[in-house]
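Trainee: below are the sequence and a predicted model; questions follow.
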Amino acid sequence: MAFIRKDANSVPIVDTVFAVAVRAQQDKQQNGDLVVDATIGSLFDEEGRFVAFDSVFDHYDAIDHRTKGAYAASFLGNPDYCRDVYQWVTQGSSLSLAHSVIASPGGSGAISMAFTAFLDKGETIILPDIAWSSYELMASQNNIRATHYAMFEDDHFNLNSVKDAVETCMDLQGRAVLVINDPCHNPTGYSLTPAEWEALVDILNEASKKGPVILIDDIAYIDYSYDPSSSREYMNTFNRFSDNVMAVVAFSCSKALTSYGLRCGAAVILAQDQNAVREAEIVFEKTARAIWSNIPNAAMANFSWVVTENREAYLAEKQKYIDLLKQRSSIFMREAEECGLPVYPYREGFFITVKVDPAKTEAIHEALMKEHIYTVTMPGGIRVAVCSLPIRKTRGLAGRIREIISIRKREPLCLQPQPTLNLPESFMKQCRKSRNRRLPIFRCIISALRARICFSFTVTCFCPTP
């Protein structure tokens, strides 16, 4: 007898990130500094220590216990927090849309609220094919289907694929909900260009002639853009939304303030029509009340203090780690280019993703771990978290990954023997001796003759250059 609801997914959850991180920690206990741990998407300093900004937590530690223990002012969040979030998220832009801010437990709470607010059970959400895996889980938990657009066409954002996916959803269900993780995409580190954002808004406006279109913009890593002063300028394109387009910008204090465990974030609802914003706000507020009730009071109070009274000290401390991310990522990307390691287009952020054959992803991932290199598998690739790698371990890493992938690709023998023929180990060893160069055919023949083999087929023996 099953006690859970009939449509519940009872398959145990396997979080690949944390599972691999545990293996990395176990390896460190045995092999210490030999281990390269590029798993968890959190900032670590050059000594391998987790980063928690002093400019954030010195003040948090001093907050009165009563403030920490008290309820928030409302289910929407504290009014000053909601005001400060909007100003922080939209700084440097000139947005003129109606808006509302709803506090949430991290950016994930904001995204989850949006999934359920705009789609009924059985309807479809549009996700990138290379993405944070929790999008899929959020959809499946709410009996929402997922379709995917291809993130890339060559080295740029695949607008044609987005357009096709949006149009298909409009035709099937009369609405489209699209997830974009930008800027600093997880897991590739891609950020759309201004021109790509303009074209994306054109696609949304055109589709909205048939029904409502909702853009969910996950900006979890926006505060680590390599050009902070212009990181929000793309939001100006939202001013061109038609009356039938709405955006929900999912903001996370987890990354911005290095306060991953405090679970504080917000959903920023944007649209031309204030009534449409208010309608969405009501649904979001009821979701908040029904699931988490309210957000930690002290976390919201601390955010407001950091981005107002302690703003300069906070920005200076954060910039130090942005500069460190630049150093680490530039080393990896330069060496990847030099050694021919294929990676997805990277511009900024916590992660770089290596392109691999999907059929070989798991095998390559295991091979890396055997060499004490811990990464995270993604659709079509392996994610390297440069946010947690010290420079000394970043140097040479691309080359090591390239070599391991190359070994997995090599086919040391290409032949078509008679079905009953068993080649001896002496023959096979001779064929394996060469790496990345053609092995003279006569050496294989001599080796075979010495083993007294009679064969009537042509042997071509080589180790192809990957």
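Mentor: Looks like it came in fine.

Trainee: surely residue 109 meets residue 294?
Mentor: No. Applying Cβ atoms under 8 Å as the test, residue 109 and residue 294 come out as separate, 11.6 Å apart. Backbone N, C-alpha and C define where each C-beta goes, glycine included.

Trainee: compare the two (neighbour count), which wins?
Mentor: Applying other Cβ atoms under 10 Å to residue 109 and residue 294 shows that residue 109 carries more neighbours, namely 24 against 19.

Trainee: for my notes, confirm the more buried one occurs in a strand.
Mentor: No. Assignment of residue 109 by DSSP: H, G, I helix; E, B strand; the rest coil gives helix, placing it outside any strand.

Trainee: can you tell me the closest non-neighbouring residue to it?
Mentor: Leaving aside its sequence neighbours, residue 109 sits nearest to residue 265 (Cβ to Cβ, 6 or more residues apart in numbering; 6.1 Å).

Trainee: quick check: phi and psi on the one you found?
Mentor: The phi/psi pair for residue 265 (degrees, to the nearest 10) reads phi -160, psi -160.

Trainee: kindly report the same for the one 3 residues further on.
Mentor: In this entry, residue 268 is assigned phi and psi values of phi -110, psi 110 (degrees, to the nearest 10).

Trainee: that one and residue 89, how far apart?
Mentor: According to Cβ to Cβ, to the nearest Å, residue 268 and residue 89 sit 6 Å apart.

Trainee: which residues does the residue nearest to residue 109 contact?
Mentor: 103-110, 250-254 (Cβ atoms under 8 Å, 6 or more residues apart in numbering).

Trainee: rerun that using 6 Å as the cut-off
Mentor: 104, 106-107, 110, 251-253 (Cβ atoms under 6 Å, 6 or more residues apart in numbering).

Trainee: just the ones of those in strands?
Mentor: Under the assignment DSSP state E, the contacts of residue 265 contribute 104, 251-252 to strands.

Trainee: would you list these in JSON lines and tack on distance to residue 62, neighbour count and pLDDT?
Mentor: Shown next, in JSON lines, are these (distance: Cβ to Cβ, whole Å; neighbours: other Cβ atoms under 10 Å; pLDDT from 0 to 100):
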{"residue": "104", "distance to residue 62": "25", "neighbour count": "29", "pLDDT": "98"}
{"residue": "251", "distance to residue 62": "25", "neighbour count": "28", "pLDDT": "98"}
{"residue": "252", "distance to residue 62": "24", "neighbour count": "27", "pLDDT": "97"}
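
Trainee: can I get those in CSV with distance to residue 144?
Mentor: As requested, these are arranged in CSV below (distance: Cβ to Cβ, whole Å):
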residue, distance to residue 144
104, 18
251, 22
252, 21
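
Trainee: closest to residue 305 among those residues?
Mentor: Of all the ones in strands among the contacts of residue 265, residue 251 has the smallest distance to residue 305: 17.0 Å, by Cβ to Cβ.

Trainee: identify the bridge partners of that closest one.
Mentor: Beta-bridge partners of residue 251, counted by DSSP bridges, are residue 266.

Trainee: that one contacts residue 269, doesn't it?
Mentor: No. With contact defined as Cβ atoms under 6 Å, residue 251 does not reach residue 269; the gap is 11.7 Å.
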